[in-house]
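> Pasting the sequence and the predicted coordinates here, then a few questions.
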Amino acid sequence: MSTVRLFFALWPSPPLAASLAGWAQQARLTCGGRAMRTETLHLTLAFLGPVDAALADELAAATPERRLAPGQTAMERYGVFGRQRILWAGPAETPAGLQAAHDDLWQWLSGYGLAPPTQPFRPHVTLLRNITHAHPPEEAPALLPWQYDRMVLVASESLTGGSRYRMVAQSRPRDG
């Protein structure tokens, strides 16, 4: 059985991704670690993991018909997942619209037999991996607003030294 590793994400505009990469470089001075490549920075809405290739094809075909309500979040602070040795950027609190987008997405995915994670949704962008100092810098750079109106379905392929992401499908903005 062939599988594909998938996730749904919000993808930043190139200027926003460049600003996030700047945050990563600043934080690296404090935390060490390996900065994520600018073109791979994203905010995961739903990590599906390995799914059967036939289901991956179904999701890719259905995703363009999905609608995502426009919303906004802000990258305004650093955080650390200590056990995973990851430094991230994210909002101070999860905006209600972003939480609703996450919940709606998982409700739709449950129709395909996929179960949501048991842990709460913590929106973030991974900036550094394998950090050597598990305390984030005390102050983050200036707040980065992030407006979104669509999500992407991404296939992830593990490679030596990282992953390669391929955008498989994209939702459309919700009208009005």
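Ah, there it is. Residues are numbered from 1 along each chain as shown.
> The helix-or-strand element of the chain with minimal mean pLDDT - contacts with which helices or strands?
One helix or strand of the chain scores below all others by mean pLDDT, DSSP states H and E: strand 172-173, with a mean of 85. If you count contacts as 3 or more Cβ pairs under 8 Å, 6 or more residues apart in numbering; DSSP states H and E, strand 172-173 packs onto strand 67-68. In this view, the C-beta of every residue, glycine as well, is placed from N, C-alpha and C.
> What strands flank the strand it packs on, and is each parallel or antiparallel?
Each strand paired with strand 67-68, and its direction, by DSSP bridges: strand 172-173 (parallel).
> Off-centre distance for the strand it pairs with?
How far strand 172-173 lies from its chain's middle: 18 Å, per Cα atoms, centre = their mean, to the nearest Å.
> Same question for stretch 71-89.
Counting by Cα atoms, centre = their mean, stretch 71-89 comes out at 11 Å from the chain centroid.
> and that stretch, average pLDDT?
Stretch 71-89 carries an average pLDDT of 95.
> swap in stretch 10-17?
Here the average pLDDT along stretch 10-17 is 97.
> Okay then, goodbye and thanks.
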